[in-house]
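S.K.: This is a predicted model, with the sequence first.
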Amino acid sequence: MTYQVLARKWRPRNFSQLVGQEHVSQSLIHALQHDRLHHAYLFTGTRGVGKTTVARILAKAINCENPVDFNPCGKCRVCQDFEQGRFMDLIEVDAASRTKVEDTRDLLDNAQYAPNQGRYKVYLIDEVHMLSGHSFNALLKTLEEPPPHVKFLLATTDPHKIPVTVLSRCLQFNLKRLLPEQIDGQMKYILGQEGIAFEENAIRLLARSADGSMRDGLSLLDQAIAYGGGAVRYEDVAAMLGIVAQQPVDDILRALADQDGKALLRTVADVAELTPDFGEILQQIIRVLHRVALSQQIQELVDQEFDPQLIADLTNRLLPEDVQLFYQIGLIGQQDLDLAPDPRSGFEMVLLRMLTFKPKQAAVTPTAPPNELTDRTNPVEPQKPAVSSGEARTPAKSVSIVAEEQSVSAAVEQPSPTLEQRRVRDDNWSDMIVAMKIRGMTRELANNCVFQGVDDKECRLLIDPAHKHLLGGRSEEKLQKSLQDYFGKAVKLRITTQQSDNETPALRRQRERDERQQAAVDAINADDNVKALQEQFGARVLSGTIEPIDE
């Protein structure tokens, strides 16, 4: 008996069996339904997502004698010949092995002849990006104006290598990477049909290891069935993939939450005896941290991939900012593993960085006694404020609370300045612009105006006619609103287009910038070393390369 691998046995035979590519199947079914078939299709995507499968289903659908809901029926003579590889009007070519221009010309010589069995003669060219430049040129004319009985179906993993002249003549569909959940569901369905026992967490592990490719996932599933002797168990899959069990990962994360460096290194030493892939362990840690971050934001989120007790425990014990820090250090640490003297030391340094860079937090509680006013990782001695004998019976307050009360009382005692007081000290229009904290085009408008005066009714500005294009629109409205907030009055903004002898903030900044630039140039020209280079070697100073140093 000849065994057929799962990836071939369970290959989709119609559009309804495709997994995760509904955007492609729906478009093709609608094209068949309305008889709007393009003469050339290009299917792109990573390996194992169904490019060639979709092309074969489409080739079968357009030639099927009795389509069912525009899907190939699978029972007619054409469908049977397709399944058995005897359909003469399907010319399937692997471009990786036929890259020469002579091969392409020989292939297209028969395009002018009518099909033998079906309605269309279909040219399915896989990995089309491997064709040479001359081969693309030979294909181009036929691809642009093919005979009415010819359809071209092209598939590639690298569309960027295809000439734009070919791309422009094709209807392009990009097939998406499959989600682990989609691969997981298809694996369970296949195992149910095959009558093979499995464990849920083993299937999740295989689906994640497939990295978005259904074909890779089914190949791993085949391997897991053989490794497990006809069953798919988590321990077997983890051993087959060289993945450390989840328990050491949980212990590492709990040691991080406890800030226990000894327990952390002890767990790493235990794991090292199994000669694991430390990069994979770090990825497992990163995945758990990602799940913890999600749980901290969406507490009702349900995920069966990880132990819910572990996720709940870490969600409560780790601060959100610590989770983000650990996640970022883990991501960057993956790049450093290959540079470390050995993987274990590199992995340990990543974990030690998580411990070292975690912010020390001294939680000060006003009601706590002084001897309990300590942080878990960095004890902080509280400062005891000096009190007089008359104040000895008054309960002590937190320093931060006292400071806050003082600032609030000071703010209450000091009345807001009147408009006249503001007018006296707001002669500097530049300072007023900074104080109003305006941005964008509103700030640009203000910087090109001259402050003329303000009273209880209006604020008057002058703008040079060269900048009158800044007037109008929302910029003027926002500036008026900012001035009203600044002065505390419903003043109206009036901007007059008129030249002024006074300097605008924009002109002042430009003048100061020019002065700093000229001072920098003068300093370079006066430098003794520069003069020596000019005299001995004929060097010259390029003014455009000099920039002032902003202190």
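M.R.: Noted; the coordinates are in hand.
S.K.: measure residue 6 to residue 547 for me?
M.R.: Using CB to CB, to the nearest Å, we find residue 6 at a distance of 65 Å from residue 547. Bear in mind the C-beta positions are built from the backbone N, C-alpha and C, glycine included.
S.K.: the more surrounded of these two?
M.R.: residue 6 (20 against 9; other CB atoms under 10 Å).
S.K.: Let me see the domain layout of the protein.
M.R.: 6-174, 180-241, 246-356, 436-502, 507-545 (automatic domain parsing).
S.K.: quick one: terminal-to-terminal distance for the fourth one?
M.R.: Using CA to CA, to the nearest Å, the end-to-end distance of domain 436-502 comes out at 21 Å.
S.K.: Quick one: mean pLDDT for it?
M.R.: For domain 436-502, the mean pLDDT works out to 87.
S.K.: just to revisit the earlier point, could you redo the domains of the chain as JSON lines and give each row distance to residue 430?
M.R.: Shown next, in JSON lines, are the domains of the chain (distance: least, CB to CB, whole Å):
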{"stretch": "domain 6-174", "distance to residue 430": "51"}
{"stretch": "domain 180-241", "distance to residue 430": "56"}
{"stretch": "domain 246-356", "distance to residue 430": "38"}
{"stretch": "domain 436-502", "distance to residue 430": "8"}
{"stretch": "domain 507-545", "distance to residue 430": "7"}
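S.K.: Select, out of those, the one closest to residue 429.
M.R.: domain 436-502 (3.6 Å; CB to CB).
S.K.: Next, residue 491: phi, psi?
M.R.: Per-residue torsions, residue 491: phi -80, psi 150 (degrees, to the nearest 10).
S.K.: contacting residues around it?
M.R.: Contact analysis of residue 491 by CB atoms under 8 Å, 6 or more residues apart in numbering lists 454, 455, 456, 457, 458, 459, 480, 483, 484.
S.K.: Please list all residues in contact with residue 252.
M.R.: 264, 267, 268, 281, 285, 351.
S.K.: Show me which pair in those is furthest apart.
M.R.: 264 and 281 (12.6 Å).
S.K.: the more surrounded of the two?
M.R.: Just comparing residue 264 and residue 281: by other CB under 10 Å the higher neighbour count belongs to residue 264, 22 against 19.
S.K.: Now do the SS call for residue 53.
M.R.: helix (DSSP: H, G, I helix; E, B strand; the rest coil).
S.K.: Same check on residue 453?
M.R.: Residue 453 - assigned by three-state DSSP - is strand.
S.K.: what does residue 284 give?
M.R.: Using three-state DSSP, the secondary structure recorded for residue 284 is helix.
S.K.: Same question for residue 124.
M.R.: Per three-state DSSP, residue 124 ends up strand.
S.K.: List the contacts of it.
M.R.: 52, 55, 56, 59, 90, 91, 92, 93, 153, 154, 155.
S.K.: what are the phi and psi values for the fifth one?
M.R.: It stands for residue 90. phi -100, psi 110.
S.K.: could you dump the helix or strand hosting residue 142 to CSV, C-alpha only?
M.R.: Counting by DSSP states H and E, the element that carries residue 142 is helix 133-144. The C-alpha coordinates for helix 133-144 follow below in CSV (Å, rounded to 0.1, in the frame of the first residue of the first chain):
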residue,chain,number,x,y,z
GLY,A,133,14.5,38.2,-18.6
HIS,A,134,14.3,36.9,-22.1
SER,A,135,11.7,34.3,-21.1
PHE,A,136,9.5,37.1,-19.7
ASN,A,137,9.9,39.0,-23.0
ALA,A,138,8.9,35.9,-24.9
LEU,A,139,5.8,35.5,-22.6
LEU,A,140,4.8,39.1,-22.7
LYS,A,141,3.2,39.3,-26.1
THR,A,142,1.1,36.2,-25.6
LEU,A,143,0.2,37.3,-22.1
GLU,A,144,-1.0,40.6,-23.4
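S.K.: any idea how far the closest residue to residue 194 other than its chain neighbours lies from residue 228?
M.R.: In this structure, residue 194 finds its nearest non-sequential neighbour in residue 6, 7.9 Å apart by CB to CB, 6 or more residues apart in numbering. Note on residue 6: its distance to residue 228, by CB to CB, is 14 Å.
S.K.: next one: residue 314
M.R.: From residue 314 to residue 228 the distance is 31 Å (CB to CB).
S.K.: Which of these two has more residues huddled nearby?
M.R.: Taking other CB under 10 Å, residue 314 and residue 228 do not tie; residue 314 has more neighbours (24 against 21).
S.K.: I figured the more buried one hits residue 292, correct?
M.R.: Yes - the pair residue 314 / residue 292 is scored as a contact, 4.8 Å apart, by CB atoms under 8 Å.
S.K.: quick one: common contacting residues for those two?
M.R.: Joint contacts of residue 314 and residue 292 (CB under 8 Å, 6+ apart) are residue 323.
S.K.: Which stretches in this protein count as strands?
M.R.: For the chain, strands defined by DSSP state E occupy the ranges 40-44, 90-94, 121-126, 150-156, 171-174, 449-454, 458-463, 492-497.
S.K.: want to try a markdown table for those strands, with distance to residue 441 as columns?
M.R.: Conversion of the strands of the chain to a markdown table gives the following (distance: least, CB to CB, whole Å):
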| stretch | distance to residue 441 |
| --- | --- |
| strand 40-44 | 42 |
| strand 90-94 | 58 |
| strand 121-126 | 54 |
| strand 150-156 | 46 |
| strand 171-174 | 39 |
| strand 449-454 | 13 |
| strand 458-463 | 13 |
| strand 492-497 | 14 |
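S.K.: hmm, back to that, with the contacts of residue 491 in mind, which one is nearest to residue 131?
M.R.: residue 480 (64.7 Å).
S.K.: OK, contacts around the closest one?
M.R.: 459, 491, 492, 493.
S.K.: Who wins on neighbours among the residues you listed?
M.R.: Neighbour max across the contacts of residue 480 (other CB under 10 Å) = residue 459, 22 neighbours.
S.K.: Next up, the contacts around that residue.
M.R.: 453, 480, 483, 487, 491, 492, 493, 494.
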